[in-house]
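Asker: using only what follows, build the 3D model:
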Amino acid sequence: MRPTFDEPELAAALPLIELALDEDLQDTGDLTCRALIDDGETGSVHVVARTAGVLAGEPVAQMVFDLLDPAVTWESQIPDGSPLAAGSVIAVVSGSLRSLLTGERTALNFLTHLSGIATLTQSFVDAVAGTKAKLLDTRKTLPGYRTLQKYAVRAGGGTNHRLGLYDGVLIKDNHLASWCGSDDDRSIAEAVTHARNDAPDGLSIEVEVDTLEQLADALEGSPDIVLLDNMDCNALREAVALRNTAASAVLLEASGGISLETVADIAHTGVDRISIGGLTHSAPALDIAFDWPDRQGASSER
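Answerer: Alright, predicted model coming up:
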């Protein structure tokens, strides 16, 4: 899948890159390069995948060098969303050796992290192939990285859930507990109705339940989506049957403790959506490195 890297992603990436470079350079710059690399020396490097996966974050890595040294050229060989084989050359980067070495770790930090998310997402997407279930992320993201991490989920073939609290209503168990207070007569359906009356027109209303009894209550309020939290497959199948009978237009979303080993079984229960926080908070980095042609002693572990 080819995700679009547009203004929101550019705006999210820029302050993170500035922060990352400031962490490394502060007021003194790259002391090692200053001591060992002549100011006018130039060269070229290959950005290479060490293991198979899915690429995400190449525009961010390119932005690192655009900000650090606009004279550096980044020649993309593979677009984001592409599968990577071990040994795939992602880009060829040329220019001042000082700039290439100084920006190496920052660029790789973005590439390895975002490609790791895309790779893990693709594994889950592949696991539910042949079912109607869509794979979604959550708000379990690193502060400041949400837009980029959700971009990486799209690169891996996943679907984004709401971006934040501002663009979607999701009534969770703690919202219900706080709203009900000491009034045990308040129903989940009433909470859905209150939320719909208050929300901007056209905004979807989702509510979380963890029992079939709560699901029946919620369906009476006609939410757009019901989140089925930590239900086993038997309960999920019963939930789908209940939804089909009582409110067939409502989407059902499974969430909670879902792994690569269990996601296919969950998808085959008939749920419409599966949201997984681990796509963003637990994805291992993909091994990507700088290869320096015709130069000895090169390492990407600085």
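Asker: pull the residues that contact the helix or strand of the chain with the lowest mean pLDDT.
Answerer: Of all the helices and strands that make up the chain, helix 173-180 has the lowest average by mean pLDDT, DSSP states H and E, namely a mean of 86. Outside helix 173-180, the residues that touch it by C-beta atoms under 8 Å, 6 or more residues apart in numbering are R186, I188, A191, H194, V207, E208, D210, D229. Using the backbone N, CA and C atoms, a C-beta is placed for each residue, glycine as well.
Asker: in which helix or strand would I find the third one?
Answerer: Counting by DSSP states H and E, the element that carries A191 is helix 188-198.
Asker: by contact count, what packs against that helix?
Answerer: strand 169-171, helix 173-180, strand 205-209, helix 212-219 (3 or more C-beta pairs under 8 Å, 6 or more residues apart in numbering; DSSP states H and E).
Asker: deepest of those, which one?
Answerer: Among the helices and strands packed on helix 188-198, the stretch with the highest mean neighbour count (mean count of other C-beta atoms under 10 Å) is strand 205-209, at a mean of 24.
Asker: what lies in contact with that strand?
Answerer: Residues from elsewhere that reach strand 205-209, judged by C-beta under 8 Å, 6+ apart: 168-173, 176, 188, 191-192, 195-196, 199, 215, 217-218, 221, 223-229, 253.
Asker: just the mean pLDDT for that strand, thanks.
Answerer: Averaging pLDDT along strand 205-209 gives 96.
Asker: can you list the domain ranges for the protein.
Answerer: 7-125+284-291, 127-281 (automatic domain parsing).
Asker: next structured bit after the longest helix belonging to the chain?
Answerer: Ranked by number of residues, the top helix in the chain under DSSP state H is helix 97-127. Remark: after helix 97-127, the chain's next helix or strand is strand 134-136, criterion DSSP H and E.
Asker: same for that next one, what does it pack against?
Answerer: helix 97-127, strand 273-275.
Asker: run me through the strand neighbours of the shortest one, direction for each.
Answerer: Partner strands for strand 273-275, per DSSP bridges, with pairing direction: strand 134-136 (parallel), strand 251-255 (parallel).
Asker: contacts for the shortest one next, please.
Answerer: In other words, strand 134-136. Contacts for strand 134-136 (C-beta under 8 Å, 6+ apart): 121, 124-125, 128, 157-161, 253, 263, 272-276, 279.
Asker: pLDDT below threshold where in the stretch 51-200 of the chain?
Answerer: Within the stretch 51-200 of the chain, the stretches with pLDDT under 70 are 182-184.
Asker: from what I can see G95 touches F65, true?
Answerer: Yes. Between G95 and F65 there is a contact at 7.4 Å, judged by C-beta atoms under 8 Å.
Asker: more neighbours: which of those two?
Answerer: Neighbour tally, G95 and F65, criterion other C-beta atoms under 10 Å: the higher count belongs to F65, 26 against 20.
Asker: got a list of what that one touches?
Answerer: V72, W74, V93, G95, S99, L100, G103, A107.
Asker: nearest to V54 among those residues?
Answerer: A107 (17.8 Å; C-beta to C-beta).
Asker: who's in contact with that closest one?
Answerer: V47, V60, A61, V64, F65.
Asker: is it true that R98 touches D30?
Answerer: Yes. With contact defined as C-beta under 8 Å, R98 reaches D30; the gap is 6.8 Å.
Asker: of the two, which one has the most company?
Answerer: Taking other C-beta under 10 Å, R98 and D30 do not tie; R98 has more neighbours (23 against 17).
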